[in-house]
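can you look at this prediction? I've put the sequence above it.
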Amino acid sequence: MSMNRIEFIQSSQLIVIKVGSSLLVKNFHLDWSRLEKLAENIHFLRQRGKKVILVSSGAMVCGMIRLGFDRKRSDIPFKQAMAAVGQGILMQNYYQVFSRYDIPVAQILLAPEDVHNRHKYLNARNTFHTLLDLGVLPIVNENDTVAIAELKFGDNDRLSALVASLMNAQLLLILSDIEGLYTADPKKDPEAVLVKEVVNIDKKIDNMAGQEGSTIASGGMKSKIMASRMATFSGIGVVLASGKDFSNIRKIFEGEEIGTFFSPQPKALKNRKRWIAFGMMTRGKVVIDQGASQALLSNKSLLPAGIIKVEGTFDSGDCIEVVDEQGQFIAKGLVNFSSSELEKIRGLHTQELNAIFSNQVFEVEVVHVDNMVLFNREEKENEK
């Protein structure tokens, strides 16, 4: 299997590299030598004909350093103000460090609503492609200054997976202060072992992802596993590795087995389903019974009969989450009814619906299978 891993990585042409803020900051200062090392290693990949997109945190910390704050405050306006001050500083530093290699850089700030709309989603993709064709290094960050708390990507792990999926990248490299996925938290358990390769992200893998995260960074292991799931579902390989030494980037491409490699799923989601799965924001939720869960896993549409409960307020055409009675996340999809309509018809069978909607043409499916993405873990892969 390791041969596949090396071949896969070396044959990857478009690579998204995510760098956590804790890797760029030392003693609460932007560490210039680390930025240089990062630039040197990205230059190494570009010299070998690779296209690279960098997803970088660090704007908020840059703002705090500039204004003399040395500890995070949790209120949103403060964080957004710091990001506003810091984003330009971060880009200025990147501009300088990459100009030594004659690499032009571009700033792309994304908020979830930028990719929620299908038209904007495709437009963002065109912008990225144009920049890459011009030999520019796109540097992506979340548009923190205006994002509303509940409409945030939450951390750049998820954003990096979204960018990789949007761009049909082959490889996502998530670099942080964590060496990779361990069987248990290595800080607490001396028996913990680094997992070299993950073929399928199942409940066992979810359970390994404890809740660690550094004081500066926002994303713990859970968000990295979620990002890896997003990417592998889109047919993208993921390497989760330590970025404490950025020469790991070069080493990974030279065949060293550093960190944890998540294999891409053989049946990758098609582009439109990727957008539903990862680009769209959910507006509500339905809870379904065991029978409906089984039907969905057998690749059938969701019908009103299986719905136990409706949560949230949404319109027809919105994106909703589908969960089972245990709260396990099963699917995400575009709904054909508003939440108020759904309240009236949930639990009803097709014959009863026909009696209510006599002579009216209406969609029987609450979520049609073509507009739904399954996130089933062990059961079986979503057939396409």
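Thanks, I have it.

leaving out sequence neighbours, find the closest residue to residue 195.
Nearest non-adjacent residue to residue 195, counting by CB to CB, 6 or more residues apart in numbering: residue 181, 4.6 Å away. Glycine gets a C-beta too; all of them are placed from N, C-alpha and C.

got a list of contacts for stretch 31-43?
17, 19, 23-26, 52, 54, 93-94, 97-98, 100-101, 103, 137, 245-247, 249-250 (CB atoms under 8 Å, 6 or more residues apart in numbering).

other SSEs contacting the helix or strand hosting residue 16?
Taking DSSP states H and E as the definition, one finds residue 16 inside strand 14-19. When contacts are defined as 3 or more CB pairs under 8 Å, 6 or more residues apart in numbering; DSSP states H and E, strand 14-19 packs onto helix 32-47, strand 51-56, helix 156-166, strand 171-176.

so what's the residue count around residue 298?
Neighbourhood size, residue 298 [other CB atoms under 10 Å]: 11.

pLDDT value on it, please?
The score at residue 298 is 91. That number is its pLDDT.

distance of it from residue 287?
Here residue 298 is placed at a distance of 19 Å from residue 287 (CB to CB, to the nearest Å).

now do residue 131
Here residue 131 is placed at a distance of 43 Å from residue 287 (CB to CB).

break down the stretch 51-200 of the chain into its strands, ranges please.
51-56, 105-110, 137-142, 171-176, 197-198 (DSSP state E, counting those that start in this stretch).

which of those strands is buried the deepest?
Of all the strands of the stretch 51-200 of the chain, strand 171-176 has the most neighbours on average by mean count of other CB atoms under 10 Å, namely a mean of 28.

tell me which stretches of the stretch 51-200 of the chain form helices.
For the stretch 51-200 of the chain, the helices defined by DSSP state H, counting those that start in this stretch occupy 59-67, 76-99, 112-116, 118-133, 156-166.

most packed of those helices?
Burial of these is given as mean neighbour count (mean count of other CB under 10 Å); helix 156-166 ranks first at a mean of 28.

any stretches of this protein with poor pLDDT?
Residue ranges of the chain with pLDDT under 70: 1-3, 146-154, 210-219, 357-363, 376-384.

would you map out the domains in it?
By the assignment in automatic domain parsing, the chain contains the domains 2-273, 281-374.

how long is the shortest one from one end to the other?
Spelled out, it's domain 281-374. 16 Å (CA to CA, to the nearest Å).

off-centre distance for it?
Using CA atoms, centre = their mean, to the nearest Å, the mean C-alpha position of domain 281-374 is found 25 Å from that of the whole chain.

and the next helix or strand past the strand holding residue 16?
strand 25-26.
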